[in-house]
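# Need a 3D model of the sequence below.
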Amino acid sequence: MGFEKRKYASYPKEEEDWGQHVLHLRLRYDKEFLYGATLCIKEVAAASEFNGSDYFARIFKEKTGISPLKFRMGAHSQDLTCSAL
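Purely as a prediction, here's the structure:
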């Protein structure tokens, strides 16, 4: 079972390569998990198939500029919707 390039032909080729695009999508879903606050950060990391919560936290902060915990706390204090992520 592999990816069919036709299905994913619309990803922004000029802006990022395939790996970066997949990482961007994973982090977008992680933000939704963090906003929902039903999973701990370790569980969010595992659901996104990161190799450990420390690695997940480092990549999340590198790409978003904020730690997963601070994102979660800020998301609830500002009452953001997942669609705004």
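
# Enumerate the positions of the longest helix along the chain that are buried.
Secondary structure of the chain per DSSP state H: the longest helix is helix 18-36. Residues of helix 18-36 classed as buried: 26-27, 30-31, 33-35 (neighbour count, 16 or more other C-beta atoms under 10 Å). C-betas here are computed from N, CA, C, even on glycine.

# Now for these: which two are most distant?
Distance extremes for these: the farthest pair is Arg26 and Tyr35 at 15.0 Å, using C-beta to C-beta.

# Remind me which helix or strand the nearest residue to Tyr55 once chain neighbours are set aside belongs to.
Closest residue in space to Tyr55, ignoring its immediate chain neighbours: Ala45 at 7.5 Å, by C-beta to C-beta, 6 or more residues apart in numbering. Under the criterion of DSSP states H and E, Ala45 resides in helix 41-47.

# export that helix as CSV, just CAs?
C-alpha atoms of helix 41-47 as CSV (Å, rounded to 0.1, in the frame of the first residue of the first chain):
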residue,chain,number,x,y,z
ILE,A,41,1.2,15.4,25.4
LYS,A,42,2.8,12.0,25.5
GLU,A,43,-0.3,10.5,23.9
VAL,A,44,-0.5,13.2,21.3
ALA,A,45,3.1,12.4,20.4
ALA,A,46,2.4,8.7,20.1
ALA,A,47,-0.8,9.4,18.0
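
# one step back: what's the burial count for the residue nearest to Tyr55?
Per other C-beta atoms under 10 Å, the neighbour tally for Ala45 reads 23.

# wait, doesn't it sit right on Ile59?
No. Using C-beta atoms under 8 Å as the test, Ala45 is too far from Ile59 to be in contact (9.4 Å).

# what's the residue nearest to Tyr55 in contact with, if anything?
Ala45 makes contact with 52-53, 55-57, according to C-beta atoms under 8 Å, 6 or more residues apart in numbering.

# How confident is the prediction for it, by pLDDT?
With respect to pLDDT, Ala45 has a value of 92.
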